[in-house]
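J.: Okay, predicted coordinates and the sequence, questions at the end:
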Amino acid sequence: MTTVKSVQEEILKPLQRHKQLTVKEAEEISLGLIDTLCDSYCQDEATLQYLSMFFTPQLYQDLLDERNLNKWCGYPMCSRSPERIRDPFEVDDNTKRFLWENNPYAYLSIYCSKFHFRCSQFYQVQLSDESLFARTGIHLINQSSSELERLNEKYGVTLFEQLLREKASEDDMKSLVAGLRRLGIKNDNDNGTEKGDDQFETDLSKWLSDIKIVEHEEPELLGDLEKDG
Ligand SMILES: [Zn+2]
């Protein structure tokens, strides 16, 4: 299992000499994270939240792909397999894209459940695009609390599970997403165009309907999450 401590001990510890990472060191961190998490999962929510300091949306996508190759659900909190295991070499990229765009259940070949599909999307959409080597101080193990607060403000994320536990209302979600957008955080479909905005609204309403499904039909899922958190 991956923990904040294991990431610090195994990946960050050799990089404590200076506050600014070199490009090479940033790459070492990226590869180290993929190496660790492609065949493991985060012990708790705090670990996944800590890791948001080191992820870009692209690095997270790479991790997702690697996890799938190892037959793990894409969401790094999860120890299950995707619902539908398929040989990744069985179809070419065009076929894959066609299947993805035309099959409403395509996410089940990547995730164990729709719930983790949403959790993962929600996480990814909040990740910063800033290059790792430009993120001053993220790798330092002994941080002052004011420095941690600064990093958290810049790179911190809220997990979908946390929103659910807080029983976020539609208004809460809308203001949260508006807040994310003000920070310039966008999803793949959002190119700052009106079409992007529409797409984002559509995604948001899908997420909201997922919250309702989880609340009403899968109370044991929330129970599990509460136990873990
Ligand atoms: Zn899962």
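T.: Structure's in. What do you need? Just so it is clear, the structure is predicted and the values come from calculations on it, not from any experiment. Numbers count the residues shown, from 1 in each chain.

J.: How is the chain partitioned into domains?
T.: 1-137, 167-211 (automatic domain parsing).

J.: With mean pLDDT, distance to the ion and mean neighbour count as extra columns, can I get those domains in TSV?
T.: To be clear about C-beta, it is placed using only N, CA and C from the backbone, and glycine gets the same treatment. Below are the domains of the chain laid out as TSV (pLDDT from 0 to 100; distance: least, CB to the ion, whole Å; neighbours: other CB atoms under 10 Å):
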stretch	mean pLDDT	distance to the ion	mean neighbour count
domain 1-137	90	3	17
domain 167-211	57	14	14
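
J.: show me the contacts for Leu33.
T.: Going by CB atoms under 8 Å, 6 or more residues apart in numbering, Leu33 touches Val7, Ile11, Leu51, Phe54, Phe55, Leu59, Leu63.

J.: So for Leu148, which of the domains of the chain sits nearest?
T.: Between Leu148 and the domains of the chain, the tightest spacing by CB to CB is seen for domain 1-137, at 9.5 Å.

J.: residue contacts, Val157?
T.: So Val157 contacts Gln49, Ser52, Tyr123, Gln126, Leu127 (CB under 8 Å, 6+ apart).

J.: with those in mind, which one is nearest to Glu25?
T.: Lowest distance from Glu25 to the contacts of Val157 (CB to CB) belongs to Ser52, with 18.8 Å.

J.: where's the closest residue to that closest one other than its chain neighbours relative to Leu48, distance?
T.: Leaving aside its chain neighbours, Ser52 sits nearest to Val157 (4.3 Å; criterion: CB to CB, 6 or more residues apart in numbering). According to CB to CB, to the nearest Å, Val157 stands 8 Å off from Leu48.

J.: overlap in contacts of these two?
T.: With CB under 8 Å, 6+ apart, Val157 and Leu48 have common neighbours Tyr123.

J.: about what we covered before: now the contacts of Val157 as JSON lines including secondary structure and distance to Ser113?
T.: Formatted as JSON lines, those follow (DSSP: H, G, I helix; E, B strand; the rest coil; distance: CB to CB, whole Å):
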{"residue": "Gln49", "secondary structure": "helix", "distance to Ser113": "21"}
{"residue": "Ser52", "secondary structure": "coil", "distance to Ser113": "22"}
{"residue": "Tyr123", "secondary structure": "helix", "distance to Ser113": "15"}
{"residue": "Gln126", "secondary structure": "helix", "distance to Ser113": "20"}
{"residue": "Leu127", "secondary structure": "coil", "distance to Ser113": "21"}
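
J.: Rebuild those residues as JSON lines, extending it with distance to Asp92.
T.: Formatted as JSON lines, the contacts of Val157 follow (distance: CB to CB, whole Å):
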{"residue": "Gln49", "distance to Asp92": "37"}
{"residue": "Ser52", "distance to Asp92": "33"}
{"residue": "Tyr123", "distance to Asp92": "29"}
{"residue": "Gln126", "distance to Asp92": "32"}
{"residue": "Leu127", "distance to Asp92": "29"}
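
J.: distance between the ends of stretch 43-56?
T.: By CA to CA, to the nearest Å, the extent of stretch 43-56 from end to end equals 21 Å.

J.: Could you do stretch 135-150 as well?
T.: Using CA to CA, the two ends of stretch 135-150 sit 11 Å apart.

J.: Repeat that for stretch 126-135.
T.: 16 Å.

J.: Start the count at 32 instead of 1 going forward.
T.: Will do, 32 is the new start, and the previous item becomes stretch 157-166.
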